[in-house]
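Enquirer: Sequence plus predicted model, see below.
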Amino acid sequence: MLAALLLSSTALAALGVAVGSTGWSPWWSSGTEAGGASILWDIRAPRSLGAWLAGALLGLGGAVAQGLFRNPLADPYLLGSGAGASLGVAVLLILLGGSPAAASWALRFGLTGAAFAGAVLGVWLTLLLARGVQHTLRLLLAGVVVGVVLGASKDLALLWVPDIMRAMQAFMLGSTGFLGWSSVAVLAVALALCLAVGLACSRALDALTLGESAALSLGVRLAAMRALLVGTLALATGAAVAQAGLIAFVGLVAPHLVRGRVHTTHGRLLVLSAATGGALLLAADIVARWAFAPQELPVGVLTAVLGGGYLLWRMHRGPAARAA
C-alpha cells in the first residue's frame with residue numbers, strides 16, 4: 001500500500017507542476033517560454049511539494065491523536081493548536097494595523113511565526129489546564145475547552161478590528177499559495193522529527209489499545225510516552241497550520257482511509273497515514289487550482305466538503321454493512 005501511495009503522490013506532484021493559475025499549463029511547454037522555468041521551480045514545484053508535506057503532517061498528527069486518545073474522532077487540532085494559531089495570526093494583524101500593506105507583509109514574513117507561536121500557546125494552556133499528561137480524559141477535555149476559549153478570543157479580535165477580516169480569510173480557509181522552498185524545508189524537517197518520535201512510540205501505542213492498565217503491566221511508561229506524543233502532535237500541527245493555514249478533515253480522514261484498507265500496527269499506520277494525508281491534500285490543492293481556473297478555491301473549504309461527505313457516507317454505510 002505504501003508503494004502505491006508514493007507512486008500516486010509522485011504522479012500527483014507531476015500533475016501539480018503542470019497546473020498553473022490559468023489551469024492546465026504543462027511543464028514541458030511552459031519550461032521553454034521566457035520565465036517558464038522560474039514559474040515551474042520557484043512557484044509550482046515548492047507549492048506541490050509543500051502541500052504534500054503539510055498533508056503528511058496532518059495525516060500523521062491525526063493518527064497520533066487517535067492512538068493517544070483511543071478515539072477514532074480525534075483530529076490534530078484537538079489540543080487547541082488550531083484555535084491558538086488563528087488567535088496568533090489575528091493578534092499579529094492587529095499589531096500591524098490591519099492595512100493591506102501590513103497584511104501582505106504579515107502573510108509573507110510574519111504569518112508563520114505568529115501561527116506557530118499561537119499553536120504552541122494553545123497546547124501549553126491545554127497541558128496547564130490538564131495538569132500535565134497523566135490523565136488522557138482530562139487532557140482531552142482541556143483541549144476542547146482551550147480550543148473554544150481561544151476561538152472565541154479570535155472572534156472577539158475580529159469584531160474589535162474588522163479591518164483584519166479580509167487578511168484573515170486566506171489563513172482561516174486554508175491556502176497553499178504562499179508555500180515556497182523555505183516552507184518546504186521547515187515542513188520536511190518537522191515531518192522527519194515527528195515521524196521519528198511517532199515510530200519510536202508506536203509499540204507503546206499498540207499496548208495502549210489494550211487499555212492503560214494493560215499498557216502499564218507491559219512496562220510502558222505512560223507519562224513519558226504521552227509527553228513525547230503531545231509534543232509530536234503540537235509540532236506536526238503547528239508546522240502545517242503555520243505554513244498552509246487551517247485545513248480541515250485531512251488529519252481525521254487519512255487514518256480512517258488506512259484502517260479501511262489494512263489492519264496493521266501503529267508503526268505502519270503512522271507511515272501510511274502520513275502518505276495518505278500528503279496525497280489527499282496535494283490532490284485537493286490540484287482540484288482547487290484547476291476546477292474553476294483562473295479562479296482558485298480555498299483548499300481548506302474543498303477538504304472540508306470532501307472530508308465531511310466521506311464521513312457522512314461512512315456513517316450511512318456503517319449500519320448497512322454491519323447488517324449485511
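Expert: Ah, there it is. None of the values given here were measured: they were computed from a predicted structure. Numbers count the residues shown, from 1 in each chain.
Enquirer: List the contacts of residue 230.
Expert: 68, 79, 123, 127, 133, 139 (C-beta atoms under 8 Å, 6 or more residues apart in numbering). In this view, the C-beta of every residue, glycine as well, is placed from N, C-alpha and C.
Enquirer: redo that, cut-off 10 Å
Expert: 64-65, 68, 79, 123, 126-127, 130, 132-133, 139, 143 (C-beta atoms under 10 Å, 6 or more residues apart in numbering).
Enquirer: Against residue 148, how distant is it?
Expert: Here residue 230 is placed at a distance of 19 Å from residue 148 (C-beta to C-beta, to the nearest Å).
Enquirer: Show me where the stretch 151-300 of the chain has its helices.
Expert: For the stretch 151-300 of the chain, applying DSSP state H, counting those that start in this stretch gives helices covering 165-173, 181-200, 202-208, 212-217, 222-244, 250-261, 266-290, 299-323.
Enquirer: between the ones you listed, which has the poorest average model confidence?
Expert: Sorting the helices of the stretch 151-300 of the chain by mean pLDDT places helix 299-323 lowest, at a mean of 73.
Enquirer: Tell me the buried residues in that helix?
Expert: Neighbour-count burial for helix 299-323, with 16 or more other C-beta atoms under 10 Å as criterion, is recorded at 299-304, 306-307, 310.
Enquirer: got a list of contacts for that helix?
Expert: With contact meaning C-beta under 10 Å, 6+ apart, helix 299-323 is reached by 51, 54-55, 58, 73, 170-177, 244-254, 256-257, 260, 280-289, 291, 297-298.
Enquirer: Just the buried subset of these, written out for ChimeraX, thanks.
Expert: Buried members of the contacts of helix 299-323, defined by 16+ other C-beta under 10 Å, are picked up in ChimeraX with:
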select :51,54,55,58,170,171,172,173,174,175,176,177,244,245,246,247,248,249,250,251,252,253,254,256,257,280,281,282,283,284,285,286,287,288,289,297,298
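Enquirer: Now do the residue most central in space within the chain against residue 52, distance only.
Expert: With distances taken as C-alpha atoms, centre = their mean, residue 58 lies nearest the centre of the chain, 3.2 Å away. Residue 58 sits at a distance of 11 Å from residue 52 (criterion: C-beta to C-beta).
Enquirer: What of residue 121?
Expert: According to C-beta to C-beta, residue 121 stands 28 Å off from residue 52.
Enquirer: Drop anything exposed from the contacts of residue 230.
Expert: Burial of the contacts of residue 230 was assessed by neighbour count (16+ other C-beta under 10 Å); the buried members are 64-65, 68, 79, 123, 126-127, 130, 133, 139, 143.
Enquirer: Redo those residues as CSV? Include secondary structure, pLDDT and distance to residue 220.
Expert: Output for those, formatted as CSV (DSSP: H, G, I helix; E, B strand; the rest coil; pLDDT from 0 to 100; distance: C-beta to C-beta, whole Å):
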residue, secondary structure, pLDDT, distance to residue 220
64, helix, 92, 16
65, helix, 89, 18
68, helix, 85, 12
79, coil, 84, 21
123, helix, 85, 22
126, helix, 88, 22
127, helix, 84, 20
130, helix, 84, 19
133, coil, 63, 13
139, helix, 81, 17
143, helix, 87, 22
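Enquirer: got a list of what residue 5 touches?
Expert: Applying C-beta under 10 Å, 6+ apart, we find residue 5 in contact with 258, 271-272, 274-279.
Enquirer: Quick check: it vs residue 304, distance?
Expert: 22 Å.
Enquirer: same question, residue 289
Expert: Residue 289 sits 17 Å away from residue 304, going by C-beta to C-beta.
Enquirer: do residue 10 as well
Expert: Counting by C-beta to C-beta, the separation of residue 10 from residue 304 is 26 Å.
Enquirer: Could you do residue 138 as well?
Expert: Counting by C-beta to C-beta, the gap from residue 138 to residue 304 is 29 Å.
Enquirer: Ok, residue 276 next?
Expert: Counting by C-beta to C-beta, the gap from residue 276 to residue 304 is 17 Å.
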